[in-house]
Each structure stands twice: as C-alpha cells, then as structure tokens.
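> Fold the following.
(chains A and B)
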Amino acid sequence: MRTRRVLAAVAVTFALATGARTAGPKFFGDDPIPRDPETQDASRAQPIDSSEQFDFIENSFLKAGDRTAPHAVNVNTIDEVPDSSWFTNRAGTPDWTLADTVKGPDSENGPAEGAWTVVAAKTEGITPGMTIRDATGAKYFLKFDPPSNPEMASGAEVIATKFFHAFGYHVPENYVATLRRESLGIAAGTTIADEDRRPRRMEARDIDAILEKAARRPDGTYRVLASRELPGRPLGHFRYYGTRPDDANDIYPHEHRRELRGMLVFAAWLNHDDSRSINTLDTLITQDNRAILRHHLIDFGSTLGSGSTRAQSTRAGNEFLWESRPTLITMLTLGFYVRPWVKVRYPDYPAVGRFEANYFMPQSWKPEYPNPAFVNARPEDLFWAARIASTFTDDAVRGIVATARFSDPRAADYVAETLIHRRHKVLEAWLNATNPIDNARLDGTGRFTFENAAVRAGVSSPAERYVIEWSRFDNATSTHHRLGGEMTVTEPHAQAPAALLTDAEFVSARVRACHPDRPAWSQAVVVYFQRTGAQWRLIGLERNP
Amino acid sequence: MRAAKAGNLQTYEPGRLEKLLLYIEREDPQRKIAPWNGFYLDYGYTDKPLGSGIGFSGGYRHDLFERRARVVFETGATWRRYSLVRADFSLPSLARDHLELGVEATDRHNPEEDFYGLGSTSLQGNRVSFLFDRREVQGRAVVKLIDGLRIGGRMAWLGTDVGGGSDSRYPSIEQVFTDADAPGLDEQPNYSYGDLFAEFDRRDEPGNARAGGYYGVLWRRYRDLDLGRYNFGTIEADLQHFFPIFDKKRVFAVRGRVFSTDADDGQVVPFYFRPTLGGNDTLRSVRDFRFRDTNVLAINAEYRWEAFSGLDMALFADLGKVAPRFADLDSTDLERAYGIGLRFNTYKAVLLRLDVSLVGGESPRYFIKFDKAF
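Below you'll find the predicted structure:
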C-alpha cells in the first residue's frame, strides 16, 4: 500500500501521462482503503492569501496546473474516493438516509433566538454582510438577499449546501434565519472599515446602511443566510491545481483528485458557476490528536438561478468570462450574431432568479473560467460523480428544496422540477459517457452479477449484450492469465468458468457492453475479485484502464 | 511520500504577477493616493473642461461631525495650463438622507477655449482660442424625494473674465472676432444666477446604463450685476433612455438634449455662455465646441452590443444643430456623425472608450475617453 502510494505520487510529480506500469503486487492487504491515511501533522501550515484577479488570469490565460489528464490519482483500488480531509462518502453509502440528505451539515437550527451581537461587518463590496454572535455565543456570518430578488441567494445557498454536503464535500452549516433589527446590538469595540479601509468604531447607522441594501419583508424583518463559523483556524483558499507546499498530507495534485474533477458534474447540475478557488477554505483542525487541514467548499450564493446580488447572468454555465471565438464573431458581425444562450427565456420567479433545464447542456456547461480539475476530468471521473448524483431521488431533491423555505410554493416547485430535469440530463450525459457497469459481485458458486448504472437511473435502454473475458490474476506480478475466450451474455450476469475459480486467489473479469447508441459503453471495465474463504470479494475495479 | 514531504515543507511563495495583484487587492494603492478622507491626488479634476488636456488634482477632503458634514479643498491643473481652485462644504445627509445643503467656491482658469464663430455656418478655419476665467460662490439645496428623483436649486455669484487665448496653434480671439461677432468679448460683468433643477434617474447602472432612463431639466436665470446688458435665462433638457434586448447584451440607447438661452428684451446672451455642439458626447464628426449659438439640439442614438463581459461595441449616429431661435431647432440641415466605438467596461462603469466617426462633418475623427458617451 505504502509503496504504491509513493509510486503514485512520484508518478504524479513527473507527469503521469507516461502511462508506465510498475511491476509488483497490485493489491495489498488493506485494499480497498476506505480512508486516505493522512498521517502527517499540519500544524506548521500558514495562511495563504489568494488573489482573485490572479486566479482568473492564470486559469484563463496561463493554463495553470498539469493538463495532461492522467487517471485520477487518489482513488482506491475499486475506483472510489476514500474518505479524507477533502471528502467523505455520504450519498449512496448504505447507512445514508433521505433524512441525512435533507438535514445536511446542520448541527442545530441556526442562530438562537434572542439578542444577536454584531462583532464585524462590511458595508462595501459585492455582498455586504455582518458577523454576529447569537445568544449562545455561536458565531455566524450573515448574508442578505438583494431587494430585487428576495429569498433568492439565501435559498440557493441553503439548497446547494445540502447537496454538496450529501455529495461528500466539507461545507459550512448554512441556515435561513430571520433578523430583527431591534434584536441587533453592537459588541463593544467593534470596528468597521471606513471608505479608506481604516478601522473606525461601528455605529448603529452602519447596520442600517447594510440593511438598506437588503431585501426587507413586509413585517420589517430580514431573511438572512446565516453561515456558521467553520471550526478551526482559516488558512486560505485551496486551488484546483497543485498542492500546498506547507501541508505534508497534501500530496495529490488537486487537478488530479477525483472528487475535484468529478465536482464538474455537481457544479453543472446545480449551476455552480462560481466553483473556483475563491470559494474554498482550508481550516486547521485537530483530528485524532493531530492537526490536519480540512478543505471546504464555501459560498454557494452563485448557484441555481442566483448571482448573489442579482439574478444569475445568462452567461453563467454557458460561456467562460473570456472566450476569444464567440467574442470575435460577435465583434465582427456587429452583434448580429447572438449567442444562443442569450435567447433563453426564464420564468419570472424573483426567488429563483435564472435557472432552467430545457437549454441546459451538461457536456458544454462551464464555470466562470477554466477550472484545472474540471479540465482534466475523464469519463470515469464524471461517471463516479454521476453515480452519486443518481442516488438523489425526487423526494430527496424536493426535501432539500423545502429547506430553503421559499414563501412562494410555485418557486419551490419550479426549483425542484428544474433540478430533477437537470439531474436527468446530467445522468444521461455522464453515466453513458463510459461503460456504466457497477456493483459487480462474484459469489461462492461462481455466479457473476453486475448492474448497469445508466439503465438503473433510467437514462438508457439495456445493453444488447455484454462481452466478458476471464483471467486469473497473479497479484505478485500484476499479470493476467486469460482463461478461455470471450463470453457473451445478454443479461448482467454470467457464470464464471469453474476452471478459473479452482485454486485461484485472484480472478478478473474484463467486461464490455454493447449498445448501438452508446459507443462509449464498449470501453472496458476490469473487475478483480479476491478469494476470502468460500466467497469472493471485490478488490479492484478499473474503468477505462 | 507524505513523510518525505513532511521533511521538506515550504512556505507558499507567490510569483511576481501574483504578488503584484495581491498588493493591489490588499493595499488598494489608488485608494491610498486618493483616499476618501485626507490629502489626496487624483486624475483629472471636478468638471475639467473638454479639450483641456491631461490633468491632475490634489487637495484635502474629509468628513466632519461624525460623517454628517464634508469639506473638500481641491486644486487641479492640466498640461494646457487650465487650473481650478475649489472649496466645498456640504451637509449631505440631512432629514434622514433626504436633504443636502452645501456651499462651494471655485476659481477656474481656462486659457485655451475654442471658438469658431457663432451659428451653424461658422468656419473651421476661423478657429481661435480665448481665455475664460470664472470665479463663483454658490449655495445649493438638493432634495431627494424618492428613489432616483432629485430636485434642487442653487444661488450663486459669478465673476467672469474673457481674454486672448494662449493656444499657440490658433489665433487669439481678438485677432479674428469682435464684440459684434462674439457678444461679451470686450467687457464681462459679474453675474448672479439662480436655478432650479429636477432629475429622475432610473438607469440600472448610472456608470454604464443598459436599461432604464435619465430625465433631467435645468432652468437658470442669469443677472448682469454691472453692465445691464447680459440678463438672460437658460433651459436645458437631457433625456436618455436605454432599451435592452437579449438580457441587456444588446442595448439601443438614445439621448436627446436641448439647450436654449433666452435673453431679456434688449439684452444679449454672451458668447461664452452660449451652448455648443460638437465633440465626443454630442456630435462626433467634429471637434469639441465646433458650433455655438443660442440654441442647441443634439440627438444621439447608439446600438451597443456586448462582445464579452469586458467589452461593448457600438454603432452610433449623432444628429445636431445650432440655431439662433428655438423655433429653428427643427429637422432640417442637421449635422451628422456616424461611426463605431469600443467600450472597455465593467458592469458598473465604462473604463475606456474609443469612438471613431466615419461619416459626416469632419470625419474621420477619433475620441479616446475614460468615460461613457451617455
């Protein structure tokens, strides 16, 4: 295990694209690992400042990171992402329930009723906000909805938070709460930056100035998004490429991390066009008596139809901030060429903003500017994420949307239906972009079964046939010894040759699916089983080996 | 691998470009040079005249009395030796932000103003320069009624001086024109004036409008305090509207302006207070101030399209006319300009504008401006 990880990291460092294969055992005793062994102490990590402009420039023009797109480097032997400081397997795992999905990361019900004390605020910037302590002393960052779109940004943020938590990412606890002006006080010594960014004593009218820019309810209260302070010491944003040089646990280039590549699927589904470094946060926490960095996704105000301070731009998800070709065409045609996404019509729900599913094309969906991890995403990365997305039932989607507490039930229905529609498109695109077989099993009698994730999700008709090649696998030398010819079946099950199983410790099956409309299904999936007593257990899976 | 890395941990070191951008974002050097409160330096100055060249200003400004009042001392100058000295005291947020009161004193030195003669038949070859200095003390009251609607009034004392221009490229005004051609050339009185204005601003972003409109009207009355010859009134109307299509990615923008002066019986409007036509925001086929008379009509229409989020382009058409009588501001004999422009912008502001007039007047003419057309 250790050796393999070292080799993997070395290979990453020197560009994995060489495709070199190493001799020696393929599987170790602890495979498939459920958790990445982040064994190192990260207490020496220091805060890193990020420039939002530099992030745009390097990703738009400098092609940051390694764009060679090798296989993801942090997957375990069954092609899954082990739990880590980046990711926790949740949706789709056996113990995960609908209630867990709807509850999300919430540990309570948001800021406690009673007096809220303002301890910091900002009046300038795109999204003015303030930081409060509630009656119990818990710290929350409050964000507001724009007057033009009451409930939009807060609703989008709560919904997206629940989704991304269930997907498996670390996210803050975000709540919809009610702010009463009369309940707000200012903590002694609280300062606010003046027009010249110099601190001055905060006054009541500074709060009023912030509230003036916020959507106000008819009863005089304000609906706010209350984001609970993340535990640990903030150490800056992570990037979607490279590694932190001051964190020994951070050895996998981020652009080659499966969960960051696969995030493209989730971002497209939820229209999270702001999926960039500035909306991430590393915090230093203590876990198992060790300091480690935990990597969070934060700030989901620009998801679904929300653009945080206004309804989302029609460009969001359809085009990068800068793209030369459509720009040039538009310039040269005097504007008579109109980008097709400009013409998309959106329903008039202020609480929703601009969110739709009819025009949405998952494969061409784009964030604000290129994200190195998304650029490197391979079909198996996207399939991995799409499988997770496929575990969200309609009830789960509606349950999450309900937590946004939209006052207009039509808005809630529209968001839920649009999410369901987009989910279907996402699954159709990415469950079918590679061979979708999964859940492979080999029982003690030699009966081999598997499932087809695309068929299970209702986004494809079944395969005409499956072609299986059996091998004994010599783990010591990582070599296959093929046994017999190809076996063709029309259903997702087969009987392994008896000769194969006799005295074998490891066996493998190379499976291809044949479907006249799904050429990508013919790519191979190789599954490996290890004998455990009278049974076989899945120990390896290679998708697009 | 992790253990190996643990033995070789390093502090993140940004590259040069990132360092520079971090410095700009963190320190905001522009804000340090031109702070809201304190001594400052700035590009340009308040109401810097068109054609005055590159200029800078500096001074001191600060909020007073817990931000209930504000004082500004400003001096500015351009490389063409235009200058300004200005002091302003205001109470900007009285009556719960509904009322502003203020007083302002200014001393402007404009040594190279352009004049081509009066009327629509003035000749390009008659271009001269003249000095126009003005000293002014003004009091103002502005009421903000509802969102976007402001009404107000001003009372002012105004001293003027007109003399020979210092632009060495062109003759000085007295070499070509007389007081008969340019009323007010020989003698300039002091004036008082009072005005009333109303404006309704419903633009989505005043610095880079793509929807909504701006509608303003100003009525002003000048009184000659010394010579009894130059008593007159002016009225200006400025109407702008923006018609967005395709999610504001295309905008039809139209603007109509009328500036009319009306002398009392037996009186005359001095040439230096007469409105002008020409230049980057009225008629782009001619130079700034190319036409001057007692009445001006300017109509601008632009079709703007977004090339990408940082660049708009525009096809424009300008029509305009000067006339001695208001009734003559009709659709005959309009001056024209047709051209194309680039506007590098943010959602809220135009940062750089390049307009080229291709047809009409003295085309081609180029304008590079750090502001919107309208």
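
> quick one: stretch B:342-353 to chain centroid distance?
Stretch B:342-353 has its C-alpha centroid displaced from the chain centroid by 17 Å (Cα atoms, centre = their mean, to the nearest Å).

> ok, and what's touching it?
For stretch B:342-353, contacts defined as Cβ atoms under 8 Å, 6 or more residues apart in numbering or on different chains pick out B:205, B:207-208, B:280, B:304, B:309-314, B:341, B:354, B:367-373. Glycine gets a C-beta too; all of them are placed from N, C-alpha and C.

> Keep only those residues that also lie close to chain A.
With Cβ under 8 Å from any Cβ of the partner chain as the criterion, the subset of the contacts of stretch B:342-353 in contact with chain A comprises B:304, B:309-311, B:313.

> since we're on residue 177, how many residues are nearby?
If you meant another chain, say so; for now it's chain A. Burial of residue A:177 is recorded as 22 neighbouring residues (other Cβ atoms under 10 Å in any protein chain shown).

> hmm, I had chain B in mind actually
Burial of residue B:177, expressed as a neighbour count using other Cβ under 10 Å, amounts to 20.

> Would you mind confirming that it is in contact with residue B:117?
Yes: if you go by Cβ atoms under 8 Å, residue B:177 and residue B:117 touch, sitting 6.7 Å apart.

> what do those two both touch?
Listed contacts common to residue B:177 and residue B:117 are residue B:126; contacts here mean Cβ under 8 Å, 6+ apart.

> circling back: which among the ones next to chain A among the contacts of stretch B:342-353 end up buried?
For those, a neighbour count by 16 or more other Cβ atoms under 10 Å in any protein chain shown gives the buried set as B:304, B:309, B:311, B:313.

> Can you give me the buried ones in stretch A:267-279?
Buried residues in stretch A:267-279, counted by 16+ other Cβ under 10 Å: A:267-277, A:279.

> Which member of those residues is positioned nearest residue A:535?
Of all these, residue A:269 has the smallest distance to residue A:535: 37.1 Å, by Cβ to Cβ.

> Out of the buried ones among the ones next to chain A among the contacts of stretch B:342-353, show me where the pLDDT dips lowest.
Least confident by pLDDT among these: that is residue B:309, with 90.

> Need the nearest residue in space to it, chain neighbours excluded.
Counting by Cβ to Cβ, 6 or more residues apart in numbering or on different chains, residue B:309 lies nearest to residue A:321, which is 5.6 Å off, once chain neighbours are set aside.

> about what we covered before: any chance of the ones next to chain A among the contacts of stretch B:342-353 in TSV with secondary structure as columns?
Formatted as TSV, the entries for these read as follows, by DSSP: H, G, I helix; E, B strand; the rest coil:
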residue	secondary structure
B:304	strand
B:309	coil
B:310	coil
B:311	strand
B:313	strand
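
> Can you tell me which of those is nearest residue A:375?
Comparing every one of those with residue A:375 (Cβ to Cβ), the shortest separation belongs to residue B:309, at 20.6 Å.

> Pretty sure residue A:315 is one of the things the closest one touches, is it not?
Yes: Residue B:309 sits in contact with residue A:315 when judged by Cβ under 8 Å, with a separation of 6.9 Å.

> Which residues are in contact with each of these two?
Residues touching both residue B:309 and residue A:315 (Cβ under 8 Å, 6+ apart) are residue A:321.

> what's downstream of the longest helix along chain A, the next helix or strand?
Of all the elements of type helix in chain A, the one with the most residues (DSSP state H) is helix A:409-430. Scanning forward in sequence from helix A:409-430 by DSSP states H and E, the next helix or strand is strand A:437-442.

> residues making contact with that next one?
Strand A:437-442 is contacted by residues A:387, A:448-453, A:466, A:492, A:496, A:507, A:509, A:511, A:513, A:525, A:527, A:529, A:536, A:538, A:541 when judged by Cβ under 8 Å, 6+ apart.

> contacting residues around the residue of chain B found nearest chain A?
Ranked by Cβ to the nearest Cβ, the top residue of chain B for proximity to chain A is residue B:305, at 2.7 Å. Applying Cβ under 8 Å, 6+ apart, one finds that residue B:305 lies in contact with A:330, A:334-335, B:249-251, B:312-314.

> In TSV: those residues, plus distance to residue B:3.
TSV is the format used below for these (distance: Cβ to Cβ, whole Å):
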residue	distance to residue B:3
A:330	54
A:334	62
A:335	59
B:249	54
B:250	60
B:251	60
B:312	55
B:313	58
B:314	62
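
> Derive a PyMOL selection command for the buried subset of the residues you listed.
Command for PyMOL that selects the buried part of the contacts of residue B:305, burial taken from 16+ other Cβ under 10 Å:
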select buried, (chain A and resi 330+335) or (chain B and resi 249+250+251+312+313+314)
